[in-house]
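>>> Pasted the sequence and its predicted model underneath.
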Amino acid sequence: MPAHPVHPAPLPARLTAVRRTLVMGVVNVTPDSFSDGGRWFEPDAAIAHGRSLLAAGADLLDVGGESTRPGAGRVPVEDELVRVLPVVRALVADGAAVSVDTTRAAVAEQAVDAGAVVVNDVSGGLADPAMRATVARLGVVYVAMHWRGHADVMEARTDYDDVVEDVRRELADRLAELAGAGVDPAQVVLDPGLGFAKQGSDNWPLLAHLDRVASLGRPVLVGASRKRFLGHLLAGPDGVPVPPARRDAATAAVSALAARAGAWCVRVHEVAGSADAVRVAAAWTGAGTAPDGPSDEDVTT
């Protein structure tokens, strides 16, 4: 196990200097997010929320204008652009490292023009055929998630022979397609897609075997934050899942374990708990690999 995760390229120096798992704070500029119910839909509210996540310890901010909750419909590309671009510009102007959460090449391109340094595509390039060539041309870090269809159909596509090996194989296919389109493998981060076209019980083997995804040779992002499988895990005697806002402690526990397993980044809604968790994991890992351990070289954004 490496002393600290290997970063994709290119990233700002203040991120590559950090010798621990990064924390990506979620900024949902949508009216129908499963996790926050549209609290940050207005641009001013989203910008203020992004700033609060930075203050809580986020290394990156992931700005998205289209909900990917199960059953969600698509929004017109024009609406997505209106939602995300003012927020990206404002947070970049504040000095934040910004990721854009989109499946559309046009949104990715304009967000990068506005200063975003990461494109986080939950479809892994499948939703928009132009995305691969766009990412190759832009040369930015690209997160390719395991995906089997948009939010309105993904719950019907949960059949696996072996969820870990099937997800690994399908992500290997995405890597090959990206390379074929001219994307430098150094740009790519892989995400096993927890909760996307996965039954609840399928998510735990993926978390327990992150090394199988990492064996493809690319950094791994884990997005477990507030997801339904955590709500079911924490259900009381009545069997009712706890609501998203009560899943943050469990999310932080996943962040610690994912960091200990070598994840490059965790994507979370509540930052403070996971920021602490990844530091604990870094200290734990360092104590086991060298007498003094690797330093946690945090850089304030």
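Structure received.
>>> can you give me the strands in the chain?
22-28, 60-64, 98-101, 118-121, 141-145, 188-191, 221-222, 265-268 (DSSP state E).
>>> and the fifth one, what other elements does it pack with?
In this case it means strand 141-145. In terms of contact count using 3 or more Cβ pairs under 8 Å, 6 or more residues apart in numbering; DSSP states H and E, strand 141-145 is assigned the packing partners strand 118-121, helix 163-180, strand 188-191. Using the backbone N, CA and C atoms, a C-beta is placed for each residue, glycine as well.
>>> Partner strands of it, with direction?
strand 118-121 (parallel), strand 188-191 (parallel) (DSSP bridges).
>>> Ok, the second one next?
Sheet pairing here is set by DSSP bridges, and for strand 60-64 it gives strand 22-28 (parallel), strand 98-101 (parallel).
>>> Next, format those strands as TSV and append distance to Leu178 and mean pLDDT.
Converted to TSV, the strands paired with strand 60-64 look like this (distance: least, Cβ to Cβ, whole Å; pLDDT from 0 to 100):
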stretch	distance to Leu178	mean pLDDT
strand 22-28	20	97
strand 98-101	17	98
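>>> Which one of the ones you listed lies nearest to Glu80?
Judged by Cβ to Cβ, the one of the strands paired with strand 60-64 that comes nearest to Glu80 is strand 98-101, at 9.8 Å.
>>> now that closest one, how far from the chain's geometric center?
Distance of strand 98-101 from the chain centroid (Cα atoms, centre = their mean, to the nearest Å) equals 9 Å.
>>> Same question for stretch 99-115.
Centre-to-centre, stretch 99-115 and its host chain are 15 Å apart (Cα atoms, centre = their mean).
>>> got the contact list for Pro8?
If you count contacts by Cβ atoms under 8 Å, 6 or more residues apart in numbering, Pro8 has them with 141, 186-189, 218-219, 264.
>>> Would you mind measuring from Pro31 to Asp79?
10 Å (Cβ to Cβ, to the nearest Å).
>>> what do you get for Leu190?
Noted for Leu190: a distance of 29 Å to Asp79, by Cβ to Cβ.
>>> Between the two, which is the more surrounded one?
Of the pair Leu190 and Asp79, Leu190 is the one with more neighbours under other Cβ atoms under 10 Å, namely 27 against 13.
>>> follow-up on the earlier one: can you say which of the strands of the chain is nearest to Ala258?
Using Cβ to Cβ and comparing the strands of the chain, the one that lies nearest Ala258 is strand 221-222, at 4.3 Å.
>>> Where does pLDDT dip in the stretch 201-301 of the chain?
Counting by pLDDT under 70, the stretch 201-301 of the chain contains low-confidence residues at 289-301.
>>> Any of the contacts of Pro8 buried? List them.
Among these, the ones that count as buried by 16 or more other Cβ atoms under 10 Å are 141, 187-189, 218-219, 264.
>>> now, among those, which is nearest to Pro237?
Nearest member of those to Pro237, counting by Cβ to Cβ, is Trp264, at 38.0 Å.
>>> didn't that closest one look like it was pressed against Leu22?
Yes: using Cβ atoms under 8 Å, Trp264 makes contact with Leu22 at a distance of 6.6 Å.
>>> so what sits against both of the two?
Common neighbours of Trp264 and Leu22 are listed as Pro5 (criterion: Cβ under 8 Å, 6+ apart).
>>> Nearest to Gly231 among the strands of the chain would be which one?
The closest of the strands of the chain to Gly231 is strand 265-268. By Cβ to Cβ, the value is 15.3 Å.
>>> That closest one: partners in the sheet, and parallel or antiparallel?
The strands that strand 265-268 pairs with in its sheet are strand 22-28 (parallel), strand 221-222 (parallel) (by DSSP bridges).
>>> can you list these in a markdown table and add mean neighbour count?
Formatted as a markdown table, the strands paired with strand 265-268 follow (neighbours: other Cβ atoms under 10 Å):
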| stretch | mean neighbour count |
| --- | --- |
| strand 22-28 | 27 |
| strand 221-222 | 26 |
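>>> now those strands as TSV including distance to Val117?
Putting the strands paired with strand 265-268 into TSV (distance: least, Cβ to Cβ, whole Å) gives the following:
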stretch	distance to Val117
strand 22-28	12
strand 221-222	14
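>>> Using CSV, lay out the contacts of Pro8 together with distance to Arg212.
Shown next, in CSV, are those (distance: Cβ to Cβ, whole Å):
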residue, distance to Arg212
Val141, 22
Ala186, 21
Gln187, 22
Val188, 17
Val189, 16
Arg218, 12
Pro219, 14
Trp264, 15
